[in-house]
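# structure of the sequence below:
(one chain, ligands or ions: 1)
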Amino acid sequence: MNAFSPTHAIAQAQQVPALVVDRLAKSYRGNKALDDVSFTVPKGALTVVLGAAGAGKTTLLRSIAGLEVPDHGSIHLSGRDSAGLEPKDRDLAMIFDNLALYPDKTGYDNIANPLRIRGQSKAEIEKVVKDVAARLKIAHILGRKPKTMSGGERQRVALGRALVRSPSLFLLDEPLSSLDAMLRIELRAELRRMQRELGYSFVMATPDFTEAMAIADTVIMLRQGRIVQIADPQTLYDAPVDREVARFVGAPEINLLPAQISTDGLRFAGAIRPLPDKMKHLATTDPVQVEAGIRPEDIRLVPTGDASVVGKVTDIEALGTNAAVTVETGDIELKLVALASSLLSVVPGAEVDLSVAMERVHLFDPGTGMRLA
Ligand SMILES: Nc1ncnc2c1ncn2[C@@H]1O[C@H](COP(=O)(O)OP(=O)(O)OP(=O)(O)O)[C@@H](O)[C@H]1O
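Predicted coordinates for the structure are as follows:
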């Protein structure tokens, strides 16, 4: 490939990230909504901004869209500094909670509108609109006006209108929030498929970690306006940077309990267990107080006598295929998840023995909450 070949030009274009956010800050009356936020979204990637209500997700997306003026920092879109650029000149599609469909146009015309403005032929437009409508499962409402559609249908029409424009970057603020659980799961898979097939670049905000885990290439974990971790979904789950990320990512929530680590092992819930290799470097002869994080799926019920931890069942919650079992041991409660069919003989009040997958245990600093291992 030489420097003037089209292949070279395409390769170069692909190397320019879809989005580079650098040291972005935004305050509202002294309240920091965004604080020193920096990240990059490669072309064709799906990045999810994950955070609780008020974490700053919407402010971030609105700043990228040009609807908020940041106090500091820069935003580059496909290599171009966006400072001073009007929202309409940013080559973005935004899908926010409050969708603005044209009320007097049908679903079809709403979706077709950007293509008509571009001057595409009637036949081309029909092909594209029908394809996107089929993917979003709204073919049956294309002839209707927005006021006769449900919230979820309006949301999908807005999504369709954005998708047909194929801009350089999509900003999606909880785009599936108005949908029922089944449709949400179906559509997020469809969105993911379209994004991959067409090479679109997505930044999607959500407070729902399962959504983030299901579709993200990269998750940006936002808390009180600051990025606390950037990682692929599995790393976020397996190596959360601190206790709060560990709690946010996972359901039922991770068990957190006091523990002591020493060269003798890890002491918790009335038991002492040998240290897995990954913890050995933390151990000293004198015990050190730590906080252990144990995910519910890393605790197993075992036959009596094989246990490292013993306790009494206080509650069983059906989750479908699985069930969550709460076990009281000393003055702490542990939650575990097991196949419901394996729990038929387990009833509240039963004495049970538990085994913990030690190599999966997380350790946190009890003061700062930061990850130790
Ligand atoms: N226009 C505004 N004026 C004053 N404060 C604002 C404004 N917009 C956002 N904030 C504040 O900035 C912080 C971040 O808000 P933002 O809406 O970005 O959070 P979010 O993560 O999108 O939350 P949610 O999931 O609830 O939409 C919050 O404390 C919010 O109250």
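# the stretch 51-200 of the chain: strands as residue ranges?
Counting by DSSP state E, counting those that start in this stretch, the stretch 51-200 of the chain has strands at residues 72-77, 80-81, 92-95, 169-173.
# could you tell me the least trusted of those?
With a mean of 87, strand 92-95 has the lowest mean pLDDT of those.
# other SSEs contacting it?
Under the contact criterion of 3 or more C-beta pairs under 8 Å, 6 or more residues apart in numbering; DSSP states H and E, strand 92-95 touches helix 57-65, helix 151-165, strand 169-173. Bear in mind the C-beta positions are built from the backbone N, C-alpha and C, glycine included.
# helix or strand for the residue nearest to the spatial centre of the chain, which one?
The centre of the chain sits closest to A212, judged by C-alpha atoms, centre = their mean, with a distance of 2.3 Å. Per DSSP states H and E: A212 is located in helix 209-215.
# ok, back up a step: was I right about the residue nearest to the centre of the chain contacting T218?
No - contact criterion C-beta atoms under 8 Å: A212 and T218 do not qualify, at 9.7 Å.
# overlap in contacts of the two?
Common neighbours of A212 and T218 (criterion: C-beta atoms under 8 Å, 6 or more residues apart in numbering): V48.
# what does the stretch 201-350 of the chain have sitting close to the ligand?
Within reach of the ligand by C-beta under 6 Å from any ligand atom, the stretch 201-350 of the chain has these residues: P207.
# re the thing from before, what's the closest of the helices and strands packed on strand 92-95 to S27?
Closest approach to S27 among those is made by helix 57-65 (9.9 Å; C-beta to C-beta).
# how is the chain carved up into domains?
Annotated domains of the chain cover 6-247, 254-364 [automatic domain parsing].
# rebuild those domains as a markdown table, extending it with distance to R371.
A markdown table is the format used below for these (distance: least, C-beta to C-beta, whole Å):
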| stretch | distance to R371 |
| --- | --- |
| domain 6-247 | 6 |
| domain 254-364 | 6 |
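# so how far is the longest helix along the chain off the chain centroid?
Criterion DSSP state H: the longest helix present in the chain is helix 181-198. Relative to the chain's own centre, helix 181-198 is displaced by 14 Å; criterion: C-alpha atoms, centre = their mean, to the nearest Å.
# list the strands paired with the helix or strand following that helix, with their directions.
Downstream of helix 181-198, the first helix or strand assigned by DSSP H and E is strand 202-206. Using DSSP bridges, strand 202-206 pairs in its sheet with strand 46-50 (parallel), strand 169-173 (parallel).
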